[in-house]
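*Asks:* structure for this input, please:
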Amino acid sequence: MAIKAAFFDIDGTLVSFKTHKIPQSTINAITRAKRKDIKIFIATGRPVAIINNIADIKHLVDGYITFNGAYCFMGNQDFVLSPIPNADVQTMIADAERRDYCVLVCGKQEVVIHNYKKVFTDIFVHDLGVNNVDESRTIADLQGQPILQLTPFFTQADEDIIIPDMPHCVSARWHPAFTDITVKGANKGNALTTVAAQLGIDIADCIAFGDGGNDLSILKAAGIGVAMGNANNEVKAAADYVTTSVDEDGIWKAMQHFGALEEE
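*Replies:* All right, here's what the predicted structure looks like:
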């Protein structure tokens, strides 16, 4: 097989949780893959508005799977746009107010934090480097925008209470303190399948990299699913190949292993 498209999660895959940067080896690997005419895609749970940490490779990216697959695009062409029904959005907002937790409410181009709590700053700002969410904005500012994802900051036990009351939604947890909720059918794996079909690429010729629970579907869908060395055991078990961690040149090593780098 010849790899024709590569899909990369951001946090913990492209970007180190330790440095908040893309390792130079990863930049080099993607640069050389691009020279080999491999299409480069981001596949992230992040909304478009908070993809703020890939400047070093942005010029190499052909397209994006965002919101865990709820919104996919290349340039000005949208491949997937799958909003959450308003009834389910309102269910979560009411529950957040009743049980007092915060929710990141994600429109297509803007996000707002509802019922702000310090945990948002502790994790999103300090741990993930997301520093461009205007805390003065409210849900009213998203009027007319499709709501593509809800990110509540609560435990798995709290999640189990509310998800049954949101019948059109699924959860993809990749952090113990929060989860990403999207409409059913929206996941990275289905998005990869759609994007590949639009481009006329066999999914057998796609390679995907990830480290979190929200990467399971894309690792299973791709011809080659690669788990980072820092991934949890469930993700590693679902992968075709386990590389080293993001901080140990994991992407470079896997791309080299599968012949996805242009020879020097």
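*Asks:* C-alpha from now on. contacts and neighbour counts both.
*Replies:* Fine.
*Asks:* please, where are all the strands along this protein?
*Replies:* Assigned strands in the chain, in chain order: 5-8, 39-43, 63-66, 71-74, 77-81, 103-107, 111-114, 147-152, 169-175, 178-183, 206-210, 224-227, 241-242 (criterion: DSSP state E).
*Asks:* mean neighbour count, distance to residue 138 and mean pLDDT added to the ones you listed, as CSV?
*Replies:* Formatted as CSV, these follow (neighbours: other Cα atoms under 10 Å; distance: least, Cα to Cα, whole Å; pLDDT from 0 to 100):
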stretch, mean neighbour count, distance to residue 138, mean pLDDT
strand 5-8, 25, 31, 99
strand 39-43, 24, 27, 99
strand 63-66, 26, 22, 98
strand 71-74, 20, 22, 97
strand 77-81, 15, 22, 93
strand 103-107, 24, 9, 95
strand 111-114, 22, 6, 94
strand 147-152, 26, 13, 96
strand 169-175, 18, 22, 89
strand 178-183, 24, 19, 95
strand 206-210, 28, 32, 99
strand 224-227, 28, 37, 99
strand 241-242, 20, 42, 99
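*Asks:* want to try TSV for those strands, with distance to residue 123 as columns?
*Replies:* Converted to TSV, the strands of the chain look like this (distance: least, Cα to Cα, whole Å):
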stretch	distance to residue 123
strand 5-8	22
strand 39-43	21
strand 63-66	20
strand 71-74	24
strand 77-81	27
strand 103-107	12
strand 111-114	13
strand 147-152	12
strand 169-175	10
strand 178-183	9
strand 206-210	20
strand 224-227	23
strand 241-242	27
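*Asks:* chain center to stretch 231-251, what's the gap?
*Replies:* In terms of Cα atoms, centre = their mean, to the nearest Å, the centre of stretch 231-251 is found 16 Å from the chain centre.
*Asks:* for the nearest residue to residue 129 once chain neighbours are set aside, phi and psi?
*Replies:* Leaving aside its chain neighbours, residue 129 sits nearest to residue 20 (6.8 Å; criterion: Cα to Cα, 6 or more residues apart in numbering). The phi/psi pair for residue 20 (degrees, to the nearest 10) reads phi 60, psi 20.
*Asks:* tell me the spacing between residue 20 and residue 130.
*Replies:* Computed as Cα to Cα, to the nearest Å, the residue 20 to residue 130 distance reads 10 Å.
*Asks:* how far away is the residue nearest to residue 202 when sequence neighbours are not counted from residue 216?
*Replies:* Leaving out its chain neighbours, the residue that sits closest to residue 202 by Cα to Cα, 6+ apart is residue 196, at 6.5 Å. To residue 216, residue 196 is 18 Å away according to Cα to Cα.
*Asks:* neighbour-wise, which of the two wins?
*Replies:* Per other Cα atoms under 10 Å, whichever of residue 196 and residue 216 has more neighbours is residue 216, with 24 against 19.
*Asks:* quick check: the more buried one touching residue 236?
*Replies:* No - at 9.1 Å, residue 216 does not count as touching residue 236 under the criterion of Cα atoms under 8 Å.
*Asks:* just give me the neighbour total for the nearest residue to residue 37 once chain neighbours are set aside.
*Replies:* Leaving aside its chain neighbours, residue 37 sits nearest to residue 4 (7.2 Å; criterion: Cα to Cα, 6+ apart). The local packing of residue 4 (other Cα under 10 Å) involves 21 other residues.
*Asks:* for residue 61, same thing?
*Replies:* Residue 61: 18 surrounding residues under other Cα under 10 Å.
*Asks:* next, give phi and psi for it.
*Replies:* The phi/psi pair for residue 61 (degrees, to the nearest 10) reads phi -80, psi 130.
*Asks:* just give the nearest non-adjacent residue to it, would you?
*Replies:* Excluding the flanking residues, the one nearest residue 61 by Cα to Cα, 6+ apart is residue 40, at 5.1 Å.
*Asks:* bridging residues for that neighbour?
*Replies:* residue 6 (DSSP bridges).
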